[in-house]
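J.: Here is a sequence with its predicted model. Questions after.
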Amino acid sequence: MSLGPIDPVENPYDIYKALREDNPVGKFANNYYISTFELVSEALLDDEAFSSKSNSPDYPGIGMVFGQTIVGMNGKEHLKHKNLVTPALRPRALGAGFQQNARNTADRLIDKFAENGSANLVPDFTFLYPLSVFVQILGLPEEDAGDFHRWGIDLTHVATDPERGLRGSACLAEYLEPVVKDKRSNPTGDLICRLIEADVMGEKMTDVEIISFLRLLITGGADTTYHLLGNVLHTLLSDSALLELVTNDRSKLEPLLWESLRWESPVQFTSRQTNREIEIGGVTIPDDSPVFILLGCANRDEKAFAQPEVFDINRDQGKSLAFGYGRHYCAGADFGLIEATIGLNALLDRLQDLRFDPSADEASKIRGVAFRGPSHLKIQFTI
C-alpha cells in the first residue's frame, strides 16, 4: 500500500497471508486495514460504523473525481440513488438487442487480428471490448471509447497524480454535459435516457448526479471488467486442461468467472471512514479514521476457502467478496458478468488452439495493487 495503488506489484498474497495470521486488523501510516474474510464481511455490513463517506467529494480520493455517487453515500440517500440506477443496469432493462450488440462488438474487434494468427489480447481486446459495449449502451459513438477509457484510467490515478485525475474528470464532464442536456430534450431510449427518466418516490436525478454516476460506470468499464477478462484469459492460457474443459462446455464459464473474481479480484480493496470509535478484531479504530477493506486478501482467506491459493472452478459460486457485500454490493455486477461471458464466448468460438506466444520477450504476469490484471496477453492461435 505504501508503494501506491497503481504500483505493479506481482504477488501481494504472501503479505496478505501474514496480515491475516499476525495482524488481521492493523495500521500503516495514518490508515487502518481489515484483512480476513470474517472481519471484512462484518465491516462491509456495518455501514453505519464504517461509512462510505470516504468515497465522497468531502474526502481526498475517488470522490474528488467522481463527484457525489452511490459509492460515497450512506443510509437513505444511498438507498434512493441505488433504487434509481440499479434497474437501468439490469440486463433485461438494456433490451433484447444488448447481448447481440455485445457479441457483434467482440466479433468486430476479433476481426481486426483474426487473420494474423497472433495478437496481444490486452490492447487488442480486453482493453477495448468492455467500454466499446458500454458507450453503445449509453447511446454514444463507439469511436469515442478510446477517449473514455483514457479518461477513466486517469481518474484511477487521483491518489498518486491528482492533477491527472482531476483532468480526466473535467474531460468527462465537458463531454457529457451537452449530451445529457440534449437527451433530456430528445430522448433516444438508451441508458442515459433511462437514468434521466428514473423515478423513485417522485424524485429524479439531476444532470450533475447523472454525470457523476456515468464517471463511476465508465471507470468500472475501463478497469473492473477489463481486468476480469484479462485475469480469466491469463488463467485459461496457463492451464491447457482448463482451457479445453471450458471450450467444450460453456456452462463452465459462470463458475470460471466467479472463481477468477475470488482468486484474482480485479479490485483489491475499497475504502471506508469510521463514523465513531469502533472495536473490530480486537483493535480499536478511532472516529473519522480511514480504513482499507482488503477484498483481495479476504478472498484468499484459508478460513473461508479450502486451499485458497488453488484455482478451483468447483467451489461454491457467489461467496467471493469481489463485488462487495451488503448494501454497497456492486449495482453493475450482473451486467459485468454477462458482458464478460459474451466476450469470452466470442474468443473461444473464433480462436482455436489458443496458447501463449513462445516468442514473447516477457512472460505475461498478473500484477497491481488497487487493480490487478495481466501486463500483456501475447497469444498464438488458428482460425
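T.: Sure thing, it's come through.
J.: Could you count how many residues lie near Glu115?
T.: Around Glu115 there are 7 other residues, counting by other Cβ atoms under 10 Å. C-beta coordinates here come from the backbone N, C-alpha and C atoms, glycine included.
J.: Where do the helices of the stretch 201-350 of the chain begin and end?
T.: 207-219, 225-238, 240-248, 253-263, 295-298, 333-350 (DSSP state H, counting those that start in this stretch).
J.: Please apply the same query to the stretch 51-200 of the chain.
T.: 63-66, 75-89, 97-111, 121, 129-137, 145-156, 162-185, 191-197.
J.: Quickly compare those and say which is most buried.
T.: helix 121 (a mean of 27; mean count of other Cβ atoms under 10 Å).
J.: picking that back up, could the helices of the stretch 201-350 of the chain be laid out in CSV, adding mean pLDDT?
T.: Output for the helices of the stretch 201-350 of the chain, formatted as CSV (pLDDT from 0 to 100):
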stretch, mean pLDDT
helix 207-219, 86
helix 225-238, 96
helix 240-248, 97
helix 253-263, 96
helix 295-298, 97
helix 333-350, 94
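J.: so can I have a markdown table of those showing mean neighbour count and distance to Glu42?
T.: Listed next are these as a markdown table, based on neighbours: other Cβ atoms under 10 Å; distance: least, Cβ to Cβ, whole Å:
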| stretch | mean neighbour count | distance to Glu42 |
| --- | --- | --- |
| helix 207-219 | 22 | 25 |
| helix 225-238 | 24 | 26 |
| helix 240-248 | 14 | 34 |
| helix 253-263 | 22 | 19 |
| helix 295-298 | 26 | 11 |
| helix 333-350 | 20 | 21 |
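J.: Tell me which of those helices sits nearest to Asp154.
T.: Among the helices of the stretch 201-350 of the chain, helix 207-219 comes nearest to Asp154, with 9.5 Å by Cβ to Cβ.
J.: ok now that closest one, how far from the chain's centre?
T.: Distance of helix 207-219 from the chain centroid (Cα atoms, centre = their mean, to the nearest Å) equals 15 Å.
J.: same question, stretch 370-383
T.: The answer for stretch 370-383 is 17 Å, by Cα atoms, centre = their mean.
J.: ok, back up a step: out of the helices of the stretch 51-200 of the chain, which gets nearest to Ile280?
T.: helix 75-89 (20.3 Å).
J.: now the closest one and helix 207-219, what's the angle there?
T.: 60 degrees (axes from the mean of the first three to the mean of the last three Cα atoms, to 10 degrees).
J.: packing partners for helix 75-89?
T.: helix 191-197, helix 207-219 (3 or more Cβ pairs under 8 Å, 6 or more residues apart in numbering; DSSP states H and E).
J.: CSV for these, including distance to Pro178?
T.: Listed next are those as CSV, based on distance: least, Cβ to Cβ, whole Å:
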stretch, distance to Pro178
helix 191-197, 12
helix 207-219, 10
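J.: which one of the ones you listed lies closest to Ala170?
T.: Per Cβ to Cβ, nearest to Ala170 of the helices and strands packed on helix 75-89: helix 207-219, 10.5 Å.
J.: Residues contacting the closest one, please?
T.: Residues from elsewhere that reach helix 207-219, judged by Cβ atoms under 8 Å, 6 or more residues apart in numbering: 65-71, 81, 85, 131, 134, 138, 148, 151-152, 155-156, 169, 172-173, 176-177, 180-181, 184, 192, 195-196, 205, 332.
J.: just for the stretch 51-200 of the chain, where's the confidence low?
T.: Within the stretch 51-200 of the chain, the ranges that satisfy pLDDT under 70 run 84, 200.
J.: can I get the helices of the stretch 51-200 of the chain in JSON lines with distance to Glu362?
T.: Listed next are the helices of the stretch 51-200 of the chain as JSON lines, based on distance: least, Cβ to Cβ, whole Å:
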{"stretch": "helix 63-66", "distance to Glu362": "32"}
{"stretch": "helix 75-89", "distance to Glu362": "37"}
{"stretch": "helix 97-111", "distance to Glu362": "23"}
{"stretch": "helix 121", "distance to Glu362": "15"}
{"stretch": "helix 129-137", "distance to Glu362": "23"}
{"stretch": "helix 145-156", "distance to Glu362": "21"}
{"stretch": "helix 162-185", "distance to Glu362": "26"}
{"stretch": "helix 191-197", "distance to Glu362": "38"}
